[in-house]
Structures are given as structure tokens and as C-alpha cells.
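Visitor: After the sequence you'll find the predicted model.
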Amino acid sequence: VQLVESGGGPVQAGGSLRLSCAASGDYRLQCMAWFRQAVGKERVVVATIDRAGPTTYADSVKGRFTISKDSVKNILYLQMNSLKPEDTGMYYCAASEIAGDFCPSLPRDYKYWGQGTQVTVS
């Protein structure tokens, strides 16, 4: 499985960005997620989406971010609105084969990772 992110960049506070993650390879993924890692901080989950569609969000982004996927094109998206400086960080796309009632929220539960795309909000 290969994951390739795009769409990051600099943006002013209050602005919007849409991140994309193209997935390729022979796979059967249960969950996909976006993680964020700020400089000097741990990698934390931003949003997850289950194979069947249910989504979860970190409290800090609820109402501002939307995770979605195009299952035909195998692309994961993260629409980010009303961006704040604290949203700054490297954003990673991740995929997990773990099946359960909810998508996992810890990095260790995700087997596949993209290279990351930087988002800088000023």
C-alpha cells in the first residue's frame, strides 16, 4: 500500500485548505485517518473514517474539518476550514487493517503511512 499526500501549504488564519491522499496497492483497509504532528510534539489523530463510512474527529477540529473519501478513485480528503495557527503541523495520511467498532486513534495501530504534507497557518 502506498499513500501520497498533497494539498498542504501556507495559509492565513481563517482560511481553508483541502488535503488529499491517494492510495494505491493491493489492500483491504478498514480505517483511514489523518494525523498531525507539530514540531516537538507527538503525532495525534485529527480525523478517522471507517470503511463503511462513519467518521470521528478530534475535539479541536470538530465543526471545522471534514474527512471524506472517494472509494472509486481511492482518495482520502481532509477539508480544513477556519484554520487556526494551532492547526500548523505536518499532516499524515494513514491506513489501518484493524477491524473493530471504531477506527483506532493511536499511530501504532496504523500500518501504512504517507510522507506527510506541511500545513502552516499564520
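Guide: Perfect, thanks for sending it. Treat the numbers as computed from the prediction; the structure is a model and nothing was measured. Residues are numbered from 1 along each chain as shown.

Visitor: Tell me what the most centrally placed residue in the chain is bridged to.
Guide: Nearest to the geometric centre of the chain sits residue 34, at 1.6 Å (C-alpha atoms, centre = their mean). As for beta bridges, residue 34 partners with residue 47, residue 93 under DSSP bridges.

Visitor: That one and residue 24, how far apart?
Guide: 18 Å (C-beta to C-beta, to the nearest Å). C-beta coordinates here come from the backbone N, C-alpha and C atoms, glycine included.

Visitor: now swap in residue 73 and tell me
Guide: Taking C-beta to C-beta, one finds residue 73 at 11 Å from residue 24.

Visitor: Over to residue 37?
Guide: Taking C-beta to C-beta, one finds residue 37 at 23 Å from residue 24.

Visitor: So between those two, which is more surrounded?
Guide: residue 37 (15 against 10; other C-beta atoms under 10 Å).

Visitor: Show the contacting residues for the more buried one.
Guide: Neighbouring residues of residue 37 by C-beta atoms under 8 Å, 6 or more residues apart in numbering: 43, 44, 89, 90, 92, 116.
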